[in-house]
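**Student:** Next one to model:
(2 chains)
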Number of protein chains: 2
Amino acid sequence: MKITMKRFLLTAGLFLGLAFTLNAAEMASPNGAIKVNFELNNGVPTYSVTFRGKMMIKPSRLGYELSGAENLLDGFTLLGQETARQDETWKPVWGENSEIRNHYTELLVKLVQPSTDRYMNIRFRVYNEGVGLRYEFPQKGKLNHFVVKDERTEFAMTGDHIAWWIPGDYDTQEYEYTRSKLSEIRSLLTKAVTDNLSQTTFSTTGVQTSLMLKTADGIYMNLHEAALVNYPAMHLNLDDKQMVFTSWLTPDAQGKKGHLQTPLRSPWRTIMITDDARKVLASNLILNLNDPCALSNTSWIHPVKYVGVWWEMISGKSEWAYTHQYPTVKLGETDYIHAAPSGKHGANNANVRRYIDFASANGFDAVLVEGWNIGWEDWAGNSKEHVFDFLTPYPDFDIKALNAYAHSKGVKLIMHHETSSSVMNYEKYMDRAYQLMNTYGYDAVKSGYVGNIIPRGEHHYSQIEINHYLHAIKRAADYHIMVNAHEAVRPTGLCRTYPNLIGNESARGTEFQAFGGTKPGHTAILPFTRLQGGPMDYTPGIFEMDCANGSHCNSTICGQLALYVTLYSPLQMAADFPENYEKHPDAFQFIKDVAVDWDKSIYLEAEPMEYITAARKAKGTDNWFIGGVTGMKAHRSDITLSFLDKGRKYEATIYRDGPDADYKTRPQSYKIEKRIVTAKTKLSINSVPGGGYAISLIAKSE
Amino acid sequence: MKITMKRFLLTAGLFLGLAFTLNAAEMASPNGAIKVNFELNNGVPTYSVTFRGKMMIKPSRLGYELSGAENLLDGFTLLGQETARQDETWKPVWGENSEIRNHYTELLVKLVQPSTDRYMNIRFRVYNEGVGLRYEFPQKGKLNHFVVKDERTEFAMTGDHIAWWIPGDYDTQEYEYTRSKLSEIRSLLTKAVTDNLSQTTFSTTGVQTSLMLKTADGIYMNLHEAALVNYPAMHLNLDDKQMVFTSWLTPDAQGKKGHLQTPLRSPWRTIMITDDARKVLASNLILNLNDPCALSNTSWIHPVKYVGVWWEMISGKSEWAYTHQYPTVKLGETDYIHAAPSGKHGANNANVRRYIDFASANGFDAVLVEGWNIGWEDWAGNSKEHVFDFLTPYPDFDIKALNAYAHSKGVKLIMHHETSSSVMNYEKYMDRAYQLMNTYGYDAVKSGYVGNIIPRGEHHYSQIEINHYLHAIKRAADYHIMVNAHEAVRPTGLCRTYPNLIGNESARGTEFQAFGGTKPGHTAILPFTRLQGGPMDYTPGIFEMDCANGSHCNSTICGQLALYVTLYSPLQMAADFPENYEKHPDAFQFIKDVAVDWDKSIYLEAEPMEYITAARKAKGTDNWFIGGVTGMKAHRSDITLSFLDKGRKYEATIYRDGPDADYKTRPQSYKIEKRIVTAKTKLSINSVPGGGYAISLIAKSE
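**Tutor:** Residues are numbered from 1 along each chain as shown, chains lettered A, B, ... in the order given. Modelled structure (predicted):
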C-alpha cells in the first residue's frame, strides 16, 4: 500500500459518529444503534454492519465483475471520503402517512483502481432502522460505457437465520413464501417453485428480495433494493456453507447483466435491522432512498377504490375472450363482427353496466373492465408478438356509451392493457392507447405482463424491461394517467418519484385463491417483503370462497376485510361479485367505509407470516380503521386504542371471525359489534387461522 | 402411397398448359417459355423449373424444419390443385413506368401431412420472366402457432454457374460484390467480408439475395424474395458439392427462425430466368408479387430530389456531434446548452441555410440535415439503449426558424432519425418524433439502423426487426410521412403496398467511397441485385473525388451523372457540397434537369457489373434521359434513339467522359455536347472504366 495507515480523526467525523483511517471509515446512524464500517482490505472494498455493537453483516465484498473488461473487484485505493447528514420531512402525494421523515447520516467512499484509471464510489446512508448502499461511477478516467457480468455485492450473514423467502426467478414473484433456516433453502427450493406462465429460476439457493430474516436472538433483517432505474433487478444467491448472500442480477437475452454508462448511480442495496418486527412495516427506508417527486403537477393523481369485471373470469364464471369460433386470431384479419359470440364474454355492455350501477350505489370510484379489447382468444402462451392493439373493443363493448354511462353515475372505468408480455408491441401502441384513454375519460390503467417477454430471451426483470416499465409510467404521467402494473418487476419505491404508479401486483395476489388457493399467512408476510417497495393491488374482498372452477379461497370474510387495512395501497379493489356482497351487506359495509388514503399509520403488532395488526387514520378526517390478519395459527389480538384522541369518543364497528369460523369449512362466519370506545379502551379479539378482524372507528363530533 | 399414380388430364389444365397427376403438376408461363413442375416424391414436396425445355432448377425440396414440433418436410399427400391466370395492369404511385402489367399463370398445390393433421399449400405464379412460389398454411387441422427451426426451400442449380454475390449476413448488405463460380464462393467468402459496425455471417457458402447468376450457356437467373412481412429475411446457403442452394432464415435472439401463425402466407421465393440481362432490369416480378397499395390516400407522396448536410460528415469535413466536451452523453442529463461547441458541427443554422439557399436556387425539393438532434457524441458502438430522443435539437439548430426559412424558399427539410439500431428506443419515441415532423412541416424522414440491434441478440433481418421496419412505414403513413430507411432489410417490393417507402439504402452506398472507396462495377451490379426489391437511396453526384479524410471516390463525374438514370429511385440526392457543384455548373446542369419520376423506362444494354444503359421518359413530359454506367472495363455504347417519337426533334445534351478521363487520376475530365437528334439517330459513346455518360433529350415543340 502506498498510503500510510496512520489513523487520524476529524472533528466532523467525531460529530457524526465517524472515525476513519485512510483505508477504513465508520458511520453511525443518527441514534447510534447501527454502524457501517467500510474497509479497503488489500485493495478489496468491504463493508460490515453492526446493530447495538453486535455484528449483523460480517465483512462483505463490494464490486463488479465486468464483461470484456477488467473487473472492478480489487486493486482499489482510497481517494477520499465525504460525510453528510440529513433530517428532512416530505409529504407524499398519497401514502400511509401524510408526512415522512428522512433522517440519515451519509458516508461517501471514493475509490480508484489505479492500474485501469477507473473510479468507483460507494455511498452509504445510515438510518435508525437500516442502511442503504449504492455504487456511483463518476464520468472520469477510463470508465464510460461498460457491460456487467455480475454485480458482486455481498451480504455476509452471522448465522443460520430464519428466512421468509420465495425462489429467485427472472420472470415471476408469484410464489408462496417458505419460512426456513438459510441452510434449508437448498432442500426446499424445488418444491417452492410452483407453476407459472413465465418462470426462470437460476440457482438452488437463489432467492428474491425483499428478503425477510430473523436471527436466533430475535433481530429482524430485511434485504431489498431501492430506486431500481435502468439496471437489472437484483436477486440474492446464497453460499450456504459460508452463509453469504451475493447479488445476482437478471441477465438479458445475451446473458449480460447490465449495459451501464457513467456518470452512474446504481440502485440502493438496503439492509433493514431492528429488534421490533413492527418497525419493518413502519419503515420508510425504501421510499426515502428514492428521488423526490419528479412530476410538477400531481393534482390528477388520486386514490381509487374499485370493483371490476375480473374475478368472474379468474374464478371461471365468464371469459375474457369473445368467441370460440377461431382456434387462433389475427388482429386486423380476424372477423370479429361476424364471429359467433361464445356467450361467456364478461366484458359485455349489460354486465359492465351492472358493475357501474353497483359501484355507483356503493361509493366506489371506478370499475375495472378486463377483456374489453380484441385478441384474447389466443393471447397467452403463444409467444405472439401482435397480440393486442389496446384500441379495438369487442363488438359487445361500447366504449363510448359505457364511459358516458359511468361518468353519468359518478364512476370512472379503469382501462386494462394486458400486454401478454409482448412489450415491443405495447410500446408500438402506447401513445395511441393512452390517447384513447384520454378520449374517453379513463384516468387509470391496469397493465399486465403475463407470459414470456417479447423481445424474446429477455426477462421480466432484465434491464430493458425495467426501462420499459418506467417508460410506461412516465409516458402515462404525460397523459395524466395512473398506472397499476401487474407481473412487472417488484417495486423499489419509485412511487415516490412517480406517484402515478399507484399499484403493482408483482407477487402472488388474490387470483391464486382461484388457481388452487394460497395458504393462510401469505398476507401476513407480504407487508414485510413485497410491500416494502410499494403498494400492492392484492384485490382482496372475496366473500364467496368457493369458486365456479372448484378452487377455494383460504380465508374468512373477516380475514378479507382486515386486508383493506393491513395491506396498504392507495388502490383497493372489492374483488368479489356484486351479488356476493349483496348477500352480506353488513360485512360489506366495512369495505364501503374503509379509507384508501391516510394521515397516519401505526402497526400495533406483527410477526412475519403469523399476524399483523395495523391502525390507520383516514386522510383529512378523525376516523381510524384497524385491520388484523392472522396466519396459520389462531391469534388473540390484545390492543389498546391509545392512538385515538385523548378524551374523544368514537363509534367502533368491530368485524370479527365467528367463534365457529373456519377458513375451509365456515369462512362466512363473522360477528359484527358496535360500541363506543376511547383512547383508553382495550380490546381483545380472537381470530381463527386464515381469519382476521376489522374495526372502523368513527369520531363522534366533539 | 395410398393414392393411385394414374395420370389424367383436365381440360383446364390443357388450356393453361397444365398437366398433372395426383402426385405431380406442371404449369407453364403465359408464353410457355418457363415451366414449373411440382411433384410429391414419396411424400416429399419438390419442384423443378425449365426454360425453353431446358432444366434450370433441378428437382428441389420444399418444406420446413420446426422447433418443438414434427417437421413439415415429408409424409405429405396431395389433397388437390387449383389453377388460375391473371393479366392485369396497375399504376404505381411512382415508378419506372406509369403502368405495370401483371401477367401470370398460377398453380396452387394443396398438401396434408395426415399423420399430424397439418395442411401446407404451395402457390406458384409463373411469369414470362420467372417464377414466384410461396407457402400457405390454412387455419385448419392441428397447425396454429408454430416456431420455425428453418425453412428448407431448395434451389438446385444445374451447374457451376457464375454468381454475383455478397456474403450472407444477418446484419448488413454493405459489401462489395464478388463475381465467381459457385464453386469458388467458399474460398472467396472470407475476403469478401469487409468490416461493418454490425455484421454476422453464418456460413462459408452463405450468400444474400437478390443473387444474380449466369449459366455457361448465357441464361441469367436471379433468386430473391418478395413481400417479406412478419417473417425473417432469407439468405441462401450453398451445398457446393451438389450445387444446391437452401433457404437460410435470419434467427432471433434465441436462435429461432420465425414465430408463425395460421392462416399464413410466406414471402414469395422468386426465380427469374431470361436469356437477356436487360429483362432482369426491366422485370416487375417482385413488385407484381406484392399486394396492391394499402393506402387509401397517396396524394401526399411525391418523388424528391434533394441535397443535404451529410457528405461533409461522411467525408470528414464536419461532424454530426456538437461538442467534444464529454466522453459520453446522457439524454436529459448532459448539459448541452453550456457545453463548449467543437466548432465542427455540420448541422448549424448558418450551414443549413446555405444548403437551403443552394437547394432553392437549383430547383431541389428538399434538404436533408443529419446531426440536428442531441446524442451524437457517443451514438455508435456502445450498445446504448437511450441513444437519441428524435425530439431535441442541438443548441445551434433552430428547428422552427430553419423550417420556416426553407418553406419560404419553396424547399422542405428532410428529417433524420438515426436509431443507432436501438429499435425499442425508437419505438418509444416514434409517435412523438412523427408528430414533431408534422408540427414543423417535414414530410420525409431518413431513418438509420447503424450498429447492433437493441433488443440485444436480435439481428437487422430477424422477424421482429422486419416487423419494426414495416411498423415504422405504416405509422409514418398515418402521419403522411415518406420513409427512406438506411441499414434496414433489403427491400422486397413492399413499396408497391406502402408507396411512402420511397427509398432504402440496404447495400453499399456512396458513403463507402469516403470509407476507402468502392470498385467500379458496383453500380453496374446493384440494379441486378439490390434494386430488384425497390429503389435505393444511393446518394450519387460526387464531383470532387478526393475526400477531406483522404479517401478517393472511384468514379468520374460523368460516371456519377449516369447514376441518376441507371439507378432508379424516386428519391435522388445530389450528395456533394454546393461549392463543388458550383465549380462545374455545366455538368451540374444534368442533375438539375434530370427527372425523378417516369412514364416509361427502357434498358438499352446491360451486363452485370460491366455496363448498364437506361433510357427513361420523364413523367408527364415528352423528354427523355439516358444514363450509361461502366464497370472495370472501358465500354463503347452504340445506341439508337428509336424509342423517341417518330419524326420529332429533340435537343440532346450529351455528358461524356473526356478522352483522358480516369477514375483515379482525372475523374473531372468530361465533355458536354449539344445536338439535335431524332428517333433515327445513332450514338456511339465511349466511357472509361468507372465512368459513364448521361444524355438529356428535350423534345422540341412540334
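
**Student:** Please name the strands paired to the helix or strand hosting A:Ile639 in the sheet, noting orientation.
**Tutor:** Assigned by DSSP states H and E, A:Ile639 belongs to strand A:635-640. Strand A:635-640 has its sheet partners listed here by DSSP bridges as strand A:682-687 (antiparallel).

**Student:** And A:Ser701, what's its pLDDT?
**Tutor:** Listed pLDDT for A:Ser701 reads 86.

**Student:** Next, the contact list for it, please.
**Tutor:** For A:Ser701, no residue meets the contact criterion (CB atoms under 8 Å, 6 or more residues apart in numbering or on different chains). The way it works is simple: take the backbone N, C-alpha and C, and place the C-beta from them, glycine included.

**Student:** try A:Asn425
**Tutor:** A:385-388, A:419, A:454.

**Student:** Those also near chain B: which ones?
**Tutor:** On the criterion CB under 8 Å from any CB of the partner chain, A:385-386, A:454 are the entries of the contacts of A:Asn425 that sit beside chain B.

**Student:** With secondary structure and distance to A:Gly658 added, can I get the residues you listed in a markdown table?
**Tutor:** Shown next, in a markdown table, are the ones next to chain B among the contacts of A:Asn425 (DSSP: H, G, I helix; E, B strand; the rest coil; distance: CB to CB, whole Å):
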| residue | secondary structure | distance to A:Gly658 |
| --- | --- | --- |
| A:Glu385 | coil | 52 |
| A:His386 | coil | 52 |
| A:Ile454 | strand | 49 |
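
**Student:** right, and out of the residues you listed, which lies closest to A:Pro138?
**Tutor:** Set against A:Pro138, the nearest of these by CB to CB is A:Ile454 (36.3 Å).

**Student:** how near is the nearest residue to A:His459 once chain neighbours are set aside to chain B?
**Tutor:** For A:His459, ignoring the flanking residues on the chain, the nearest one in space by CB to CB, 6 or more residues apart in numbering or on different chains is A:Tyr170 at 3.7 Å. According to CB to the nearest CB, to the nearest Å, A:Tyr170 and chain B sit 14 Å apart.

**Student:** what does A:Tyr64 give?
**Tutor:** According to CB to the nearest CB, A:Tyr64 stands 17 Å off from chain B.

**Student:** What count of nearby residues applies to the residue nearest to that residue when sequence neighbours are not counted?
**Tutor:** Once flanking residues are discounted, A:Tyr64 sits nearest to A:Leu72: 4.3 Å by CB to CB, 6+ apart. Using other CB atoms under 10 Å in any protein chain shown, A:Leu72 has 26 other residues around it.

**Student:** got it, and the one 10 residues further on?
**Tutor:** Other residues near A:Glu82 number 12, with proximity taken as other CB under 10 Å.

**Student:** Quick check: it touching A:Asn121?
**Tutor:** No - counting by CB atoms under 8 Å, A:Glu82 does not reach A:Asn121; the two are 9.1 Å apart.

**Student:** Overlap of the contact sets of the two?
**Tutor:** Joint contacts of A:Glu82 and A:Asn121 (CB under 8 Å, 6+ apart) are A:108, A:110.

**Student:** Can you give me the pLDDT of the closest residue to chain B within the stretch 151-300 of chain A?
**Tutor:** Relative to chain B, the nearest point of the stretch 151-300 of chain A is A:Ala253 (4.0 Å; CB to the nearest CB). Looking at A:Ala253, its pLDDT is 98.
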